[in-house]
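Trainee: only geometry, no sequence info:
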């Protein structure tokens, strides 16, 4: 009877040690999960702050294009009117915005108009093709 009791005692101790090991593993995984959640919350807060900053900057830079093709940008100290996108980009660069200024490889529309390039009439094939495509959108008269 004593042997059975000792055997039972050892068996219970082994099972308890196994359960203690499992609890430690779960505790470790729970700690890791909590750390990941904290990191995600930090990232979410940082992203929210960056988005709010971006929205504020966007409100400050309400760009409008009045005729004749000028650019109006509303700065903190008031609106400013630019005659070309290049001029606006240069001013934005002086104000601390990173701007990549692209130089046109082909003459822009102002240069084409100055050179006398005019609209050309579409050839018959293109006209017919466009008419065929637009037939699908034609309203039926009731």
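Mentor: Good, I have the coordinates. Source: prediction; values computed, not measured.
Trainee: where do the strands sit along this protein?
Mentor: 63-64, 71-75, 78-82 (DSSP state E).
Trainee: Can you read off the pLDDT for residue 96?
Mentor: For residue 96, the model assigns a pLDDT of 82.
Trainee: Sorry, slip of the keys, the one I care about is residue 65.
Mentor: 52.
Trainee: residue contacts, residue 85?
Mentor: residue 71 (CB atoms under 8 Å, 6 or more residues apart in numbering). Every residue, glycine included, has its C-beta placed from N, CA and C.
Trainee: Just give me the residue closest to the centre of this protein.
Mentor: residue 51 (9.6 Å; CA atoms, centre = their mean).
Trainee: Any figure for the gap between that residue and residue 45?
Mentor: Distance of residue 51 to residue 45, computed by CB to CB, to the nearest Å: 11 Å.
Trainee: tally of neighbours for residue 83?
Mentor: Using other CB atoms under 10 Å, the number of residues around residue 83 comes to 11.
Trainee: ok, for it, nearest residue in space, not its chain neighbours?
Mentor: residue 70 (5.7 Å; CB to CB, 6 or more residues apart in numbering).
Trainee: give the contact list for that neighbour.
Mentor: 81-83.
Trainee: Out of the strands of the chain, which one sits most buried?
Mentor: strand 71-75 (a mean of 15; mean count of other CB atoms under 10 Å).
Trainee: which helices and strands does that strand pack with?
Mentor: Here strand 71-75 touches strand 63-64, strand 78-82, helix 85-94, going by 3 or more CB pairs under 8 Å, 6 or more residues apart in numbering; DSSP states H and E.
Trainee: Let's test this: mean pLDDT of stretch 124-134, rounded?
Mentor: When pLDDT is averaged over stretch 124-134, the result is 79.
Trainee: before we move on, back to that, for the residue nearest to residue 83, give its distance to residue 58.
Mentor: Taken as CB to CB, the span from residue 70 to residue 58 is 20 Å.
Trainee: do the same with residue 22
Mentor: From residue 22 across to residue 58, the span is 53 Å (CB to CB).
Trainee: Residue 38 too?
Mentor: In terms of CB to CB, residue 38 sits 30 Å off from residue 58.
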